[in-house]
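Peer 1: Sharing a model that was predicted from the sequence below.
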Amino acid sequence: MNVESLFTSVPVDETIDLIADRVYRDETMVSLLGVLFANFYMGVVEERIFSQLECPLTYFRYIDDSFVKATSTKAIENLRRTFEDNSILHFTLENSVDNSLPFLDVLISSTNEGFQTTVYTKLTNLSMCLNGESECPARYRASTIKAFVRRALSHCLSWTDTHKELERAAEALINNGYSNKQVQREVRTAIDKCRADIVANTKIIGSPRRQQALTNIGRSVHPERETSVEYDSRDVPHTFLSTYQR
């Protein structure tokens, strides 16, 4: 049995009422749709505000956390008040310290050249993860190591910071029951992939400085070969739900 023209035949108003009624009555549905509802609401508020106000120098949002760079603290405070005036929400502010500000798991530092990023870990972080001696499929343990390595390579903009984060990750993993051999194998595999991408002239998204750092790694393998790397002009190597820049 097949429904003819289902998508175009569904009564829109009735379906919306059914969804709203189900969500209102079912706590499970509320929790499942919470992120979708919240993000949609924030997106509409942002559109409304940035159609009226001049956009900050940089604005990124992921769900309920926003990273904003403006010309002054007064401009940021004005933006906060505008958001509250145009919504039912309350917003708090955290200013940068020494030109650095954590955003999610990224520490963003503002320099004369642009943004510099590295992995951010809270002071209370105990570096606990799935134990290397856990009774679980080997692919889960391997995935745990890869997650640490992948975060170092994706979040750190300079090779110096990448190296420091890989050392910190290796220490954390070894303290959680993984062998140094296992960790170094995954690190080598990830770096070799970066080298291969660069030598093959694969397009890698990121900032010019990160591309130069990774290009140097590629040249250390094939010093005789010049490497041309394309990059995206946006300087923060992270994916956000909302992005506004002028």
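Peer 2: Looks like it came in fine.
Peer 1: Look through this structure and tell me its longest helix.
Peer 2: Counting by DSSP state H, the longest helix found in the chain is helix 27-50.
Peer 1: quick one, domains of this structure?
Peer 2: 6-95, 106-221 (automatic domain parsing).
Peer 1: Do me a favour and get the end-to-end distance for the shortest one?
Peer 2: Translated: domain 6-95. End-to-end distance for domain 6-95, by Cα to Cα, to the nearest Å: 51 Å.
Peer 1: neighbours around residue 52, how many?
Peer 2: Around residue 52 there are 8 other residues, counting by other Cβ atoms under 10 Å. All C-beta atoms are positioned from the backbone trio N, CA, C, and that covers glycine.
Peer 1: what separates it from residue 160, distance-wise?
Peer 2: Distance, residue 52 to residue 160, by Cβ to Cβ, to the nearest Å: 43 Å.
Peer 1: Check residue 34 too.
Peer 2: Residue 34 is 40 Å from residue 160, by Cβ to Cβ.
Peer 1: ditto for residue 86
Peer 2: For residue 86, the distance to residue 160 - Cβ to Cβ - is 43 Å.
Peer 1: Who has more neighbours out of these two?
Peer 2: More crowded of residue 86 and residue 160, by other Cβ under 10 Å: residue 86, with 15 against 11.
Peer 1: The more buried one is in contact with residue 47, isn't it?
Peer 2: No. Counting by Cβ atoms under 8 Å, residue 86 does not reach residue 47; the two are 10.4 Å apart.
Peer 1: ranking the domains of the chain by burial, who's on top?
Peer 2: Among the domains of the chain, domain 106-221 has the highest mean neighbour count (mean count of other Cβ atoms under 10 Å), at a mean of 16.
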